[in-house]
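Colleague: Let's see this in three dimensions:
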Amino acid sequence: MKQIGRKQITAIAWMLLLGCAILASVFMLGQFALKRMLSGDAVATAEIWSRSLIKDGADLEATLAGASKDALASTLDITNIDRLVLVSPSHKLTTIHGAESAEELRRILAGATGANMPVYAQPSGAFTLDSVKWPNRASYHSWVLLPPAREGGTRLAVRVDQSQTAADTISGFAREVLFSGGVALITFISFMAGFSYRQRQLSAENAAIRFLALHDELTGLPNRKQFEEFMATTFAKIEQEDHKAALFVLDLDAFKAVNDTLGHPVGDSLLKACASRLKASLRSGDMLARLSGDEFAIVVPRVVDPAMLAPLAERVLKLLSSPFRVDGHEIQIGCSIGLAVAPDNGGDIPTLMRNADFALYRAKSEGRRTWRFFDPKMAEDLESRRTLEDGLRHALENDHFQVLYQPQVELATGRTVGYEAMLRWRLPGKGLVPAAVFVSIAEETGLVVPIGEWVIRQVARDCALLPARCRVAINLSAPQLKRDGFDTFILETLKSHQIDPGRIEIEVNETILGRNESLAFSRLEAIRDAGLRIVMDAFGVGALSLGMLSRYSFDKIKIDRSFLTENDEQKSGAVLAAVCSLGHSLGFRVAGQGVETIEHAQILRAAGCSEAQGYYFAAPMPLEKLLEQHEAASQKKKLAAAG
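Modeller: Residues are numbered from 1 along each chain as shown. Just a heads-up that it's a prediction; the model follows:
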């Protein structure tokens, strides 16, 4: 009953009152109908008795006077008539049978008709003052005043005892009413039970719909809609009470890698664990909401001192940096936090959200697993980033990229054995912008895939102009490697330009390979089987490098440039020698990069590197200059042969 509302209770009460009123009305109408029926029965009984006793044209008084008392009593008993009164035209009442019949007749007629007229002048019919009562068996009598047998003759009045008939009739009527009422009551109770159940069911369904509308289905946390409602209430209180509020926007670090490597079910369980851990750490008045995939928000609706927010941010970082045990896996992630204070950093929800996002982006760009307060300069930096992003799109659409080629030299002979393709952005007024400046933005926006495809097509076109012996290395990004059909794209592009796959080297680093490693290598093996060569770039800077050499086949490894910048040349040389020895023992060619001086070249040569590249040998150059060098070398050979 707790779930039945006040309106439903009122409706039930009114329905019960209506039912009682209907039942009372039925009894009243029933009594009226029963009295009419009994009156008709009394008249019929009196007429039948009088006709059976008094023949047509016979004198009423003489007939009654001549009848024996026993015969008269017998006929009266049979018809339940217990009083007889003769009414003369002179208004004289003579009792024939029954005591005090005349006085009773006068009283009954006066009470029944309400008219003060002589008895003889009263209309014919049945009259009674008795009531039909149930369950009491009260006496019930009807006086019947018959018309005179002839004009101006004496009239006969009889009283019919209908007590038993009335009792039987009212009992039958009551049984029918009670039966019908019982059926109606059972029907009503059944209806109300069903109605109440349906009301509870609807209430539960509405509560569930309301919950789903305002909560995240996975974590049970408030969703964006409820978050916005809470923020609207918070801003209203800020205006009324003149205080501050704070908004934390959290983004889980490395969550995507968990989904990619362990699967979405584990990722979902991790999100629920993060939500549970965060919720347990907040005050009762604070709100924790899930805004999207791995993005959460914390609202502190009342901030007395903004300095208190820094310890809260540190506590949240610590909570999410601790390892999670999820579905048998120990997972360590972390989070980045952007923090904005209202109304200082935004007087409305969209502004505050945008500024908290600016702060979040700064935290992520500065190494993640940290937090940052909003600073107006962040908006300027983000605007610059968006300008850069728009510029990249424009450059891709208008062919404003260029590929430069840096020679790769065989250390033993000094002969150029290949080139590494290096992307540059031709920016008006700023010259050629290195890929390191914009590649991170290209990866974040997804532009790295179409840009990478542009590079592959351009390299294929350029290779068609270079001598057939020239190899070209192309760097591959993680999104390219992850993209379905990228291997088919490379092979079809080379085929369309009639380029031998053996002339192309694909360079990947362990950071790329570490994301869903088995899938990455299955795709690399597909293009390696087609004739392309696979190179591990920046070898030695990560913890996975040696393990990957033992698990997969490479054609070449390129040692990271950091080995040439170590202060201790003796230790650096020893490490380089060990790496070269390992590579040679596994059947890999070993190359160095970042060669800036002759000393760098000597260190690599002494360590056992077979190839190297860097500005000491040559800077990256456009295709035109490369073709000029090959033409000059070709002319030189011709002159030498002719001389």
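Colleague: pLDDT value on Q226, please?
Modeller: Predicted confidence (pLDDT) for Q226: 92.
Colleague: Quick check on it: phi, psi?
Modeller: Main-chain dihedrals, Q226, degrees, to the nearest 10: phi -70, psi -40.
Colleague: Next, G346: secondary structure please.
Modeller: coil (DSSP: H, G, I helix; E, B strand; the rest coil).
Colleague: If you could redo that for P407, that was the one I meant.
Modeller: strand.
Colleague: got a list of what it touches?
Modeller: Residues in contact with P407, defined by Cβ atoms under 8 Å, 6 or more residues apart in numbering, are T416, G418, Y419, Q613, F617, A618. To be clear about C-beta, it is placed using only N, CA and C from the backbone, and glycine gets the same treatment.
Colleague: any idea how far it lies from A473?
Modeller: From P407 across to A473, the span is 11 Å (Cβ to Cβ, to the nearest Å).
Colleague: buried residues in the helix or strand hosting L388?
Modeller: Using DSSP states H and E, L388 maps to helix 376-397. For helix 376-397, a neighbour-count test (16 or more other Cβ atoms under 10 Å) marks M378, L382, R385, L388, E389, G391, L392, A395, L396 as buried.
Colleague: Off-centre distance for it?
Modeller: With Cα atoms, centre = their mean, to the nearest Å as the basis, helix 376-397 stands 34 Å off its chain's centre.
Colleague: CA atoms only for it, dumped as CSV, please.
Modeller: What follows is helix 376-397, C-alpha atoms only, in CSV (Å, rounded to 0.1, in the frame of the first residue of the first chain):
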residue,chain,number,x,y,z
PRO,A,376,43.3,31.8,-19.7
LYS,A,377,46.5,31.2,-21.8
MET,A,378,45.3,27.6,-22.2
ALA,A,379,42.5,28.8,-24.4
GLU,A,380,45.0,30.7,-26.6
ASP,A,381,47.2,27.6,-26.9
LEU,A,382,44.2,25.4,-27.8
GLU,A,383,43.1,27.9,-30.4
SER,A,384,46.6,27.7,-31.9
ARG,A,385,46.3,23.9,-31.9
ARG,A,386,43.0,24.1,-33.7
THR,A,387,44.5,26.4,-36.2
LEU,A,388,47.3,23.9,-36.7
GLU,A,389,44.7,21.1,-37.2
ASP,A,390,42.8,23.2,-39.7
GLY,A,391,46.1,23.9,-41.5
LEU,A,392,46.9,20.2,-41.7
ARG,A,393,43.5,19.4,-43.2
HIS,A,394,44.0,22.2,-45.7
ALA,A,395,47.5,21.0,-46.5
LEU,A,396,46.2,17.5,-47.1
GLU,A,397,43.5,18.7,-49.4
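Colleague: buried sites along the helix or strand containing L317?
Modeller: In the assignment (DSSP H and E), L317 maps to helix 309-321. Buried residues in helix 309-321, counting neighbours by 16+ other Cβ under 10 Å, are found at L309, L312, A313, V316, L317, L320.
Colleague: one step back: what about the contacts of P407, which one has the most neighbours?
Modeller: Y419 (27 neighbours; other Cβ atoms under 10 Å).
Colleague: Can I take it that it is in a strand?
Modeller: Yes. The assignment for Y419 by three-state DSSP puts it in a strand.
Colleague: ok so, going back, quick one: list the elements packing against the helix holding L388.
Modeller: helix 349-365, strand 416-427, helix 435-445, helix 448-463 (3 or more Cβ pairs under 8 Å, 6 or more residues apart in numbering; DSSP states H and E).
Colleague: and the angle for that helix with helix 435-445?
Modeller: For helix 376-397 against helix 435-445, the angle by axes from the mean of the first three to the mean of the last three Cα atoms, to 10 degrees is 90 degrees.
Colleague: The chain should start at 513 in everything you say after this.
Modeller: Understood, numbering begins at 513; the last thing we discussed is helix 888-909.
Colleague: Not counting its own residues, what contacts helix 888-909?
Modeller: Counting by Cβ under 8 Å, 6+ apart, 867, 870-871, 873-874, 884, 912-913, 937-939, 950, 953-954, 957, 959, 962-963, 966 sit against helix 888-909.
Colleague: returning to what we had before: make TSV from the buried residues of helix 821-833 and add pLDDT and distance to V811 to it.
Modeller: Formatted as TSV, the buried residues of helix 821-833 follow (pLDDT from 0 to 100; distance: Cβ to Cβ, whole Å):
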residue	pLDDT	distance to V811
L821	91	12
L824	92	12
A825	93	14
V828	93	13
L829	93	18
L832	92	18
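Colleague: give me the number of residues near I849?
Modeller: I849, neighbours per other Cβ under 10 Å, totals 26.
Colleague: Enumerate every residue touching it.
Modeller: 760-763, 825, 828-829, 871-872, 875, 882-884.
Colleague: quick one: which of the helices and strands packed on helix 888-909 is nearest S651?
Modeller: helix 861-877 (85.9 Å; Cβ to Cβ).
Colleague: Other residues contacting the closest one?
Modeller: 740, 743-744, 747, 759-763, 765, 809, 848-852, 854, 857-858, 882-887, 890-891, 893-894.
Colleague: Mark which of those residues are part of helices, please.
Modeller: Among the contacts of helix 861-877, the residues falling in helices (DSSP state H) are E740, M743, A744, F747, M890, A891, D893, L894.
Colleague: that older thread, could you tell me which of the contacts of helix 888-909 count as buried?
Modeller: Looks like those have 867, 870-871, 873-874, 884, 913, 937, 950, 953-954, 959, 963, 966 buried, using 16+ other Cβ under 10 Å.
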